[in-house]
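*Asks:* I would like to see how this sequence folds:
(chains A, B, C and D)
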4 protein chains.
Amino acid sequence: MPIVLADHRYGKAENRVVRFRRDTARHEVVDLNVTTTLRGDFADAYLHGDQSKVLPTDSQKNTAFAYAAADGATTVEGYALALARHFVDDVAPVSAARVDVEAYPWTRARVGGVEHDHTWVRSGAEVRTAAAVVSDEGGARVVHLLAGLEDLTLLKSTGSQFRGFLVDEYTTLPETDDRVLATSLEATWRYAPAAVAAGFDVDAAHAAVREALVEQFATLHSLALQQTLWHMGRCALERVPEAVEIRLTAPNKHHVGYDVARFGVPDRGEVFHADDRPYGLIRAVVADDEFPAAPEAWA
Amino acid sequence: MPIVLADHRYGKAENRVVRFRRDTARHEVVDLNVTTTLRGDFADAYLHGDQSKVLPTDSQKNTAFAYAAADGATTVEGYALALARHFVDDVAPVSAARVDVEAYPWTRARVGGVEHDHTWVRSGAEVRTAAAVVSDEGGARVVHLLAGLEDLTLLKSTGSQFRGFLVDEYTTLPETDDRVLATSLEATWRYAPAAVAAGFDVDAAHAAVREALVEQFATLHSLALQQTLWHMGRCALERVPEAVEIRLTAPNKHHVGYDVARFGVPDRGEVFHADDRPYGLIRAVVADDEFPAAPEAWA
Amino acid sequence: MPIVLADHRYGKAENRVVRFRRDTARHEVVDLNVTTTLRGDFADAYLHGDQSKVLPTDSQKNTAFAYAAADGATTVEGYALALARHFVDDVAPVSAARVDVEAYPWTRARVGGVEHDHTWVRSGAEVRTAAAVVSDEGGARVVHLLAGLEDLTLLKSTGSQFRGFLVDEYTTLPETDDRVLATSLEATWRYAPAAVAAGFDVDAAHAAVREALVEQFATLHSLALQQTLWHMGRCALERVPEAVEIRLTAPNKHHVGYDVARFGVPDRGEVFHADDRPYGLIRAVVADDEFPAAPEAWA
Amino acid sequence: MPIVLADHRYGKAENRVVRFRRDTARHEVVDLNVTTTLRGDFADAYLHGDQSKVLPTDSQKNTAFAYAAADGATTVEGYALALARHFVDDVAPVSAARVDVEAYPWTRARVGGVEHDHTWVRSGAEVRTAAAVVSDEGGARVVHLLAGLEDLTLLKSTGSQFRGFLVDEYTTLPETDDRVLATSLEATWRYAPAAVAAGFDVDAAHAAVREALVEQFATLHSLALQQTLWHMGRCALERVPEAVEIRLTAPNKHHVGYDVARFGVPDRGEVFHADDRPYGLIRAVVADDEFPAAPEAWA
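*Replies:* Predicted coordinates:
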């Protein structure tokens, strides 16, 4: 029975890097959760316990902090790319590196209506994400850059229906012309390699994608969450030409109308129970098919 | 061995009540997590399994939803008070009721720079809280109203020191003149019964307390988190005369400077590791001592 | 407006202390989450930022680890008492200390049916708790010892009914003669001060309380969760004379029968949906009233 | 810009199915978290909002409960396979279905040393997993069966070293000959299609894989977590011939020695701080390469 090591990778997960800039009185903050993952010539560590090619995960942690200091983490994406390139370029056994970053949002505290110079309030559960994937196998350098967001929670109180669906022997759901629609969106998009090589305003691109996602959720009369997702993805790629593929995962956070007429209260369809589980879970991948797919960017 | 039932209470926890107002094209949303707790003449249910005086928790759930429909939940505090009063007034065995509410913040989605009529984005991890405590034992009606917030996460990159502390044989902490200070604040304050009886703008009061808390955290040069908490509480009570007591719980979310000079990177004190555990945990109760304490409001 | 500091306390929360004993080939492990809380002469730190009487929380952390090393943490309760006594006895401004401990269970790995000497598997979500509360105000030494458990999740598939309850205008719940009963129990009990002073087998006492709780849940035909809790508490105090008060908090984790007859499947009442929220929440305090109450132990 | 729907799937996540068997006095319980995911001819729902081929996720929920009733969920794997086959066989637009199941462990309560007939205690944070993946595109039926476990938390107090690793400019980690090793293992393995078609004792296979994993963790002198994972996977596949591929994900839960000698306490290397973040994260895929890979089983 020829049992083999078919695949492997390792790294340091969830380095909580907080980077300030304090060179003027008006400070800046970048608050990151950084995970590094390396692939390469590490089979001997698994098969024989030979660590000679293994860069300790502790060293990867040190590197993540050192790069945050040196680079300044001016953009999340630039920091991730620099760190991933370093591992591939400077650590011999590494053939591919992936750096995943979650960035937590802070807004300046307001005092007397004025933004404070060095105090912030954590704003939002929403997380901005980025991932840089760099590989160099046999001299063929490949660079992918992903950006995204998690926990963008959206809710609309009308403008959504669900009817005309397939009915089988297990179907009991009534049709509805007017329902609450809510989701907690996870979206990740990939930028065109040429755009990454040329450079572009990653913050503006992120903001434009997010704006497209929110706008379509708000303005499209939804015939199903599936349709809403398609239009969210389509609009994002149309608006931001650097983005060539977007993957959307959306729980359908069910809001169930509560029958208050039983209690003598006029039921105007305004009171709902927000259910926890189960929930629908809808996924869509939308792509600009002039660009080649890049499954290795998503591994 | 005379074993007795010394105390008891029961209720329905975490009713996820979502209340819209849809009477005009511009809808409104109130998103609540409601917990009801009843005290009263329920000993027989414990001692003998006699349910004849026990209002099912399922009925409490129905009531929470019905009141959200009828009352409109125009203010979180008003809804909590109405619900608590109902249980005491209308359910004979109930001598005291407490209604705890968490309110989740939503902001209108913006489309083309304009607020959308019926779509919202969940804003913030911060939760607004309220609790109404109503009792009527022997005809002596007592009403308490608490308000608060949780997970108000604050961070400052300077303006904090910690020195001159007690040193014992287990002390290894160096003094510091300039450190990062961060916390995830939980604050609950109590309004004066007379103000509750007379009525006042609970939303404005909540906003004013929150503003005072943020302002003091930002502007006070902190000699310790203890001192910061005192000034936060003091300022809140000074600004909002209806609030007569405030309880503050503040983890000291440690940010540990990362020594990047080891790696040849200039160390300007700008890169930190955000530690998870352990964390300092500081509590303060600040009160206007012209008003009597009300331990029963906090049970 | 005479605003005052009405109460205060501080400490180090969630020190993750892991203590092995490796003096023989058969090692032992104790895995703790330790929180220290101090009260005393600390008002100046709040009011004036004067730290001269403040033992840093970092020193408290060091102390927790040092005591785990020195004391060996042979019992959780002994360790908590030693640590609490130290703060009161040896740190001048401290007038009262509370040490809360969560202990995580591990069982020895079995290899070929034999217990392994130095490898363990984490067993159970259930947590054992202990708290030592020591105060010495004006020379009056008071020592309280609490023990407990959290997340003891219990389920029975019959032997539970709920009927004969109060019906109001919001009641829609049908009566039932045979339902699923499930809870995730939190229990904390207090030992008699004299027993603590004299010493006793805290591990045996803990096991006996737990056994009583499980046995009553299993064997009592439940007329309501309230009744079940009373008998659980009563039995525990009867079995373990050192325990003189027990506080029980029990969510009623609702299991809702799923109507499968709609789909042509015989409905034998065997398939349920386990609901998340809302849930009933029942509390009981059971006490041996020959012993004085000790509210300060529970603050 | 030819923007296309590149991929899509949808389903119902986290159906909390609890199935008892009560046909004799000795009841049985199966406690599941079931997620169904369908692929197929659903593009029109995304592109045009046409639901005519969309089986509502609500119907999928009903089906999960109905199958639990009809099938009895005698084995987790059998239930998952039956449900996945149903969607592919009986719902025309479905070309592939995946059913993921988490099974939560319960053990019988013991009363007076005897197992109780209808009461259980939740045992362990560890979760047993299974996934059935069935597809039928163009008449080519493919069936995959995965099994696994999550949150198997393992700890050893010796028998682990880490030395001889690669040193770069960011490396500060000292070598160690004797360290604590701990992980919270996630393992998923795939059974050979022929074995699935023929049928075998899935409970025995699961137990044997788990035993192999624990045994190797315990008995192998670890030169690195990588090496430990390889031997865990290798041994599992050797012991259980039906299992042909196993994927292991293992956080290195760091335990950092606490220097108590500073406080005059003899430091015998027995006291550690259990760190939360960051953590090493090691992954390995071990396969029997006589069997073809099946990437579609893992999508």
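*Asks:* Would you mind checking the average pLDDT for the host helix or strand of A:Val256?
*Replies:* A:Val256 is part of strand A:255-257 when elements are defined by DSSP states H and E. Here strand A:255-257 scores 97 as its mean pLDDT.
*Asks:* shaky segments in chain A?
*Replies:* A:1, A:72 (pLDDT under 70).
*Asks:* Helices of that one, start to end?
*Replies:* Secondary structure of chain A (DSSP state H): helices at A:43-48, A:57-71, A:76-90, A:193-198, A:202-219, A:225-239.
*Asks:* Could you say which one of these comes nearest to chain C?
*Replies:* Closest approach to chain C among the helices of chain A is made by helix A:57-71 (18.6 Å; CB to the nearest CB). For every residue, glycine as well, the C-beta is placed using N, CA and C.
*Asks:* what about dumping the CA coordinates of that closest one to CSV?
*Replies:* Provided in CSV are the C-alpha atoms of helix A:57-71 (Å, rounded to 0.1, in the frame of the first residue of the first chain):
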residue,chain,number,x,y,z
THR,A,57,6.4,29.8,12.1
ASP,A,58,7.8,32.0,14.8
SER,A,59,10.2,33.5,12.2
GLN,A,60,7.2,34.1,10.0
LYS,A,61,5.5,36.0,12.8
ASN,A,62,8.6,38.1,13.3
THR,A,63,8.7,38.8,9.6
ALA,A,64,5.0,39.9,9.5
PHE,A,65,5.7,42.4,12.3
ALA,A,66,9.0,43.6,10.8
TYR,A,67,7.4,44.2,7.4
ALA,A,68,4.5,46.1,9.0
ALA,A,69,7.2,48.4,10.5
ALA,A,70,9.3,48.7,7.5
ASP,A,71,6.6,48.9,4.8
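*Asks:* list the helices and strands it packs on?
*Replies:* strand A:3-21, strand A:28-40, helix A:76-90, strand B:271-274 (3 or more CB pairs under 8 Å, 6 or more residues apart in numbering or on different chains; DSSP states H and E).
*Asks:* Dump these into JSON lines; add mean neighbour count and distance to chain C as well.
*Replies:* Supplementary listing: these in JSON lines, determined by neighbours: other CB atoms under 10 Å in any protein chain shown; distance: least, CB to the nearest CB, whole Å:
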{"stretch": "strand A:3-21", "mean neighbour count": "21", "distance to chain C": "16"}
{"stretch": "strand A:28-40", "mean neighbour count": "23", "distance to chain C": "19"}
{"stretch": "helix A:76-90", "mean neighbour count": "22", "distance to chain C": "29"}
{"stretch": "strand B:271-274", "mean neighbour count": "22", "distance to chain C": "15"}
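*Asks:* Select, out of these, the one closest to chain D.
*Replies:* strand A:3-21 (3.9 Å).
*Asks:* Up against chain C, what does chain A have?
*Replies:* For chain A, the residues in contact with chain C (CB under 8 Å from any CB of the partner chain) are A:Glu169, A:Tyr170, A:Thr172, A:Arg262, A:Phe263, A:Gly264, A:Asp276, A:Arg277.
*Asks:* excluding its backbone neighbours, what's nearest the residue sitting furthest away from the middle of chain A?
*Replies:* The centre of chain A is farthest from one residue, A:Gly264, which by CA atoms, centre = their mean lies 46.0 Å away. Residue nearest to A:Gly264 in three dimensions, not counting chain neighbours: C:Glu169, with 7.3 Å by CB to CB, 6 or more residues apart in numbering or on different chains.
*Asks:* Would you check how far apart that neighbour and A:Arg262 are?
*Replies:* 9 Å (CB to CB, to the nearest Å).
*Asks:* and the residue of the stretch 1-150 of chain A nearest chain D?
*Replies:* For the stretch 1-150 of chain A, CB to the nearest CB, closest residue to chain D: A:Gly49, 2.9 Å.
*Asks:* End to end on stretch A:275-282, go ahead and measure it.
*Replies:* 17 Å (CA to CA, to the nearest Å).
*Asks:* quick one: contacts of it?
*Replies:* A:225-226, A:229, A:248-256, B:16, C:276-277, D:10-16, D:35, D:37, D:57, D:61 (CB atoms under 8 Å, 6 or more residues apart in numbering or on different chains).
*Asks:* May I ask you to confirm that A:Arg98 is in contact with A:Ala131?
*Replies:* Yes: assessed by CB atoms under 8 Å, A:Arg98 is found in contact with A:Ala131 at 6.3 Å.
*Asks:* quick one: contacts for the spatially closest residue to the residue of the stretch 1-150 of chain A closest to chain D that is not a sequence neighbour?
*Replies:* Distances taken as CB to CB, 6+ apart place D:Leu223 nearest to A:Gly49, at 2.9 Å, with adjacent residues excluded. By CB under 8 Å, 6+ apart, the residues touching D:Leu223 are A:Gly49, A:Asp50, A:Gln51, D:Gln161, D:Phe162.
*Asks:* and the third one, how many neighbours does it have?
*Replies:* Just to be clear, that refers to A:Gln51. For A:Gln51, the neighbour count with other CB atoms under 10 Å in any protein chain shown is 22.
*Asks:* Over to A:His118?
*Replies:* Count around A:His118 with other CB under 10 Å applied: 21.
*Asks:* And the helices of chain A: which comes nearest A:Thr119?
*Replies:* helix A:57-71 (21.0 Å; CB to CB).
*Asks:* quick one: whichever residue of the stretch 51-200 of chain A sits closest to chain C from chain D, how far?
*Replies:* Nearest residue of the stretch 51-200 of chain A to chain C, counting by CB to the nearest CB: A:Tyr170, 5.6 Å away. As judged by CB to the nearest CB, to the nearest Å, A:Tyr170 and chain D stand 4 Å apart.
*Asks:* distance of the residue lying closest to A:Thr249 once chain neighbours are set aside from A:Leu281?
*Replies:* Nearest residue to A:Thr249, sequence neighbours excluded (CB to CB, 6+ apart): A:Glu186, at 4.4 Å. As judged by CB to CB, A:Glu186 and A:Leu281 stand 11 Å apart.
*Asks:* can you list residues touching both of the two?
*Replies:* Counting by CB under 8 Å, 6+ apart, the residues touching both A:Glu186 and A:Leu281 are A:Thr249, A:Ala250.
*Asks:* returning to that earlier point: for C:Ala236, find the nearest of the helices and strands packed on helix A:57-71.
*Replies:* The closest of the helices and strands packed on helix A:57-71 to C:Ala236 is strand A:3-21. By CB to CB, the value is 41.0 Å.
*Asks:* Can you give the strand pairings for that closest one, parallel or anti for each?
*Replies:* Using DSSP bridges, the strands paired with strand A:3-21 in its sheet are strand A:28-40 (antiparallel), strand B:271-274 (antiparallel), strand D:279-288 (antiparallel).
*Asks:* The last one vs helix D:225-239, what angle?
*Replies:* Comparing the axes of strand D:279-288 and helix D:225-239 via axes from the mean of the first three to the mean of the last three CA atoms, to 10 degrees yields an angle of 30 degrees.
*Asks:* any idea of the angle strand D:279-288 forms with helix A:57-71?
*Replies:* Orientation of strand D:279-288 against helix A:57-71 (the same axes, to 10 degrees) gives an angle of 130 degrees.
*Asks:* What residues does the stretch 151-299 of chain A have near chain B?
*Replies:* Going by CB under 8 Å from any CB, the residues of the stretch 151-299 of chain A near chain B are A:152-159, A:180, A:184, A:214-215, A:217-219, A:255, A:258, A:260, A:262-263, A:265-276.
*Asks:* wait, isn't A:Gly269 in contact with A:Tyr258?
*Replies:* No: using CB under 8 Å, A:Gly269 is not in contact with A:Tyr258; the gap is 9.7 Å.
*Asks:* Of these two, which one has the most company?
*Replies:* Neighbour tally, A:Gly269 and A:Tyr258, criterion other CB under 10 Å: the higher count belongs to A:Tyr258, 26 against 16.
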